[in-house]
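> Take a look and give me a structure for this.
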Amino acid sequence: MKTGVYWCRCGGIVSDRLDVAAVAQQLGPDAAYFKEVELACSDEGRSFIAQDITSERPDRVVVAACSPREHEGTFRAAAAAAGLNPFLVQLVNVREHVAWVTPDREEATTKALHLVRAASRRVAAQVPLERRMLDVSTDVMVVGAGPAGLRAALTLAEAGRKVVLVERDAIVGGMPLRYEDVFPRMECGPCLLEPLIGELFHGAHAERIEVLLLSEVIGLKGSLGRFTASIRLQPRHVSVSACIGCGECIPVCPVQYPNSFNYGQGERKAIDLVYIGGQPNAPHVDAVRCLRLSGGSDCHACRDACQVEGAIDLDEVERVEERTVGAIVLAVGGALFDVGRLAGLGHGTVPGVVSSLEAERMVASDGPTQGAVPSLPDRPPDVAIVHCVGSLDDRYRPYCSGVCCMSAFKLNRLIAHRAPGATFTHYTRSLAVAGKHEWDLYRQAREDPNTGFVGYGTVDELAVDTSASGRPAVTFRGATHEHDLVVLMGATVPSPGAGDLARILDVPVDRHGFFEEAHGTVDATRSKLRGVYLAGVCAGPMDIGRSMTQGAAAAGAALSALVPGRQLEIEPVRAQVDPARCSGCRSCIGVCPYQAIGWVDPVAEVNPTLCVGCGTCVATCPSGAMTGLNFTDEQIFAEISGILS
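As a prediction, this is how the structure comes out:
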């Protein structure tokens, strides 16, 4: 077998740091010839390699250059241009692994020799492989119908793509629906989203968007171009198409319980609208609370009161459906830190202590108190706002969320508008007010004579308890001040279901639990799984504006990958079953993260379209029936022998 070695001098960066001639001389029979190239990745270098392969006609080629991650494809393409199968080329990283990290010239020469010899012996055991072409689906699934998800779905639909929008709530819009106003311009949250929601349901591209409410992704297999997602749809028990939104079914329901939309403030019925104005404008039934669905009684008062035949179906059942898409945009949003974890701040134990979200609903005109803030009868309310609850604390969340301060100053302004003359005390650890509009909101609070600021070092310096008058009181460095309302500004944290979704999709999360970007600075809309894109707070704390921008960016990235008519190359580096050796234990099926292995009695079978060649099944197979193409035992042991010789 004739093996040719091409050594890249890399402009002297590599060759000046070791003895290339000694490497060539000592290779011996492991190389039929050894040739140096000044800069192998340049046009001239690639052209030389292709022409020389045509002339020398080697059976195998080794290129000693840089990282395979950077230029393996480059040199495989050069070999293919000369008529050599690209999988008969092996790249050796003598730049990063040798020249840059081994200062001793003699040691670097010896190390390079062993690496090139190992590659020569390995490539001798490699076999020709052929890439396959796959017709891709240009449909996209968007998970989450908050600001980022809405923007992504509409951008994709406007580009002519079909979109499957998966939302676990009964309405679309996400968190901003709960906000009377959003910073920095104090715009109505629901009003801000209304044009997008109108476009989603009734716009020119609405027919391209399939909206699946009360649904969640429970399984995924495949890769970029052809994902198959399993989606569980919970029954709404109310037909969105038939219901006219009259609300006659709601008053007759005998069950009342705390309203989750208002974070436990006020009550709702077992059949109810999520909130007045939510879209779609149809109630849904809480199966856990409903007397009939929970098995408590044979109640069907809502169905009897309904004026539209068939609009309420109490016998509707959960179902699982599949959708095939080419890419996925994750826009599942986030949540706020559970401020009750800091027992010393009194949330849940001291009346008048609320989270920022509870305060948002309290001051909202459509909230449980219609905007009324608690105070004594003879004067405006006295409000304390505690910043950085759970933030900048290694015990909880070591980062700054960046949006909590602006939410605090927004609440300051809203409450001052609702209750003229209200006084405020901001307990601050740090301030984040970056942005061309945000500073104005902070300045208004800073210049307000009714607003004061108290700086603290750690949250342990603050204690909130019930005063003798029954009002909440904040104690700081020995001084106690009574307030009518204490608002705790919690850190932004990942959505409660993000961890489970990450495991289902096999998409990694970072150390804080947010979905991890391919690169937080230069590639923030791609996840580390090809074909899955990130938008909004699921990737980290951000405001509504940034979330929408990222939703459009994620849609654009998906569009660039799924061009109609374009085919994707399927790498042939994958697992393969030897039926004669397969014992039928099915261990491989259970460990495959891509669900690429099925069962065709009496042996396992690999779906080449789904397999990405990770090798998990190869390592698991007890009988050695699984082989990783281009990573066979023979190839690996040959490489090891070259390293050790």
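> list the contacts for residue 523?
Residue 523 is in contact with residue 517, counting by C-beta atoms under 8 Å, 6 or more residues apart in numbering. Where you see a C-beta, it was placed from the backbone N, CA and C, and this is true even at glycine.
> roughly how far apart are residue 71 and residue 96?
12 Å (C-beta to C-beta, to the nearest Å).
> ditto for residue 292
Residue 292 is 67 Å from residue 96, by C-beta to C-beta.
> Using PDB, write out every CA atom in the host helix or strand of residue 410.
Element membership for residue 410, per DSSP states H and E: helix 404-418. Output of helix 404-418 as PDB, limited to C-alpha atoms (Å, rounded to 0.1, in the frame of the first residue of the first chain):
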ATOM      1  CA  CYS A 404     -34.400  43.700  37.500                       C
ATOM      2  CA  CYS A 405     -33.400  47.300  38.200                       C
ATOM      3  CA  MET A 406     -35.400  48.600  35.300                       C
ATOM      4  CA  SER A 407     -38.400  46.500  36.400                       C
ATOM      5  CA  ALA A 408     -38.000  48.100  39.900                       C
ATOM      6  CA  PHE A 409     -37.900  51.700  38.500                       C
ATOM      7  CA  LYS A 410     -40.900  50.900  36.300                       C
ATOM      8  CA  LEU A 411     -42.900  49.700  39.400                       C
ATOM      9  CA  ASN A 412     -41.800  52.800  41.200                       C
ATOM     10  CA  ARG A 413     -43.300  54.900  38.400                       C
ATOM     11  CA  LEU A 414     -46.500  52.800  38.100                       C
ATOM     12  CA  ILE A 415     -47.200  52.900  41.800                       C
ATOM     13  CA  ALA A 416     -46.500  56.600  42.000                       C
ATOM     14  CA  HIS A 417     -49.100  57.100  39.200                       C
ATOM     15  CA  ARG A 418     -51.600  54.900  40.900                       C
END
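> and that helix, average pLDDT?
In this model, helix 404-418 has a mean pLDDT of 94.
> Please apply the same query to stretch 475-494.
96.
> now swap in stretch 14-29 and tell me
Mean predicted confidence for stretch 14-29 is 93.
> Any chance you could list what contacts that stretch?
Taking C-beta under 8 Å, 6+ apart as the rule, stretch 14-29 contacts 5, 7-9, 31, 34, 36, 65, 94-95, 98-99, 102, 105-106, 108-109, 112-113, 116-117, 120.
> What about the residues you listed, which are in helices?
The subset of the contacts of stretch 14-29 located in helices under the criterion DSSP state H comprises 105-106, 108-109, 112-113, 116-117, 120.
> Can you tell me which of the residues you listed comes closest to residue 481?
Using C-beta to C-beta, residue 108 comes nearest to residue 481 of these, at 68.6 Å.
> number of nearby residues for residue 313?
15 (other C-beta atoms under 10 Å).
> Over to residue 248?
The burial count for residue 248: 14, using other C-beta under 10 Å.
> show me what contacts the closest residue to it other than its chain neighbours?
The shortest distance from residue 248 to any non-neighbouring residue, by C-beta to C-beta, 6 or more residues apart in numbering, is to residue 305 (4.9 Å). Going by C-beta under 8 Å, 6+ apart, residue 305 touches 248-249, 251-252.
> quick revisit: which residues touch the following helix or strand past the helix holding residue 410?
Sequence order places strand 423-428 as the next helix or strand after helix 404-418, per DSSP H and E. Strand 423-428 is touched from outside by 380-388, 405, 408, 412, 415-416, 445, 448, 450-456, 462, 474, 476, 481, 483, with contacts defined as C-beta under 8 Å, 6+ apart.
> Please indicate which of those are buried?
380-388, 405, 408, 412, 415-416, 445, 450-451, 454, 456, 462, 474, 476, 483 (16 or more other C-beta atoms under 10 Å).
> What distance do you get for the residue nearest to residue 248 to residue 341?
Taking C-beta to C-beta, one finds residue 305 at 43 Å from residue 341.
> Equivalent analysis for residue 36, please.
Taken as C-beta to C-beta, the span from residue 36 to residue 341 is 63 Å.
> Also residue 161?
Distance from residue 161 to residue 341, by C-beta to C-beta: 42 Å.
> between the two, who's got more neighbours?
residue 161 (24 against 13).
> how many neighbours does the closest residue to residue 358 other than its chain neighbours have?
Excluding its sequence neighbours, the residue lying closest to residue 358 (C-beta to C-beta, 6+ apart) is residue 263, at 4.7 Å. Neighbourhood size, residue 263 [other C-beta under 10 Å]: 19.
> list the contacts for residue 263?
Contacts of residue 263 (C-beta under 8 Å, 6+ apart): 355, 357-358, 361.
> Swap in 10 Å and give it another go.
Residue 263 is in contact with 178, 354-355, 357-362, 367-368, counting by C-beta atoms under 10 Å, 6 or more residues apart in numbering.
> what's the answer for residue 536, then?
By C-beta under 10 Å, 6+ apart, the neighbours of residue 536 are 144, 146-149, 151-152, 174, 329-334, 515, 542, 544, 546-551, 554.
> Roughly how far does it sit from residue 550?
If you go by C-beta to C-beta, the gap between residue 536 and residue 550 works out to 6 Å.
> joint contacts of the two?
In terms of C-beta under 10 Å, 6+ apart, residue 536 and residue 550 are both contacted by the residues 147-148, 151-152, 329, 331, 542.
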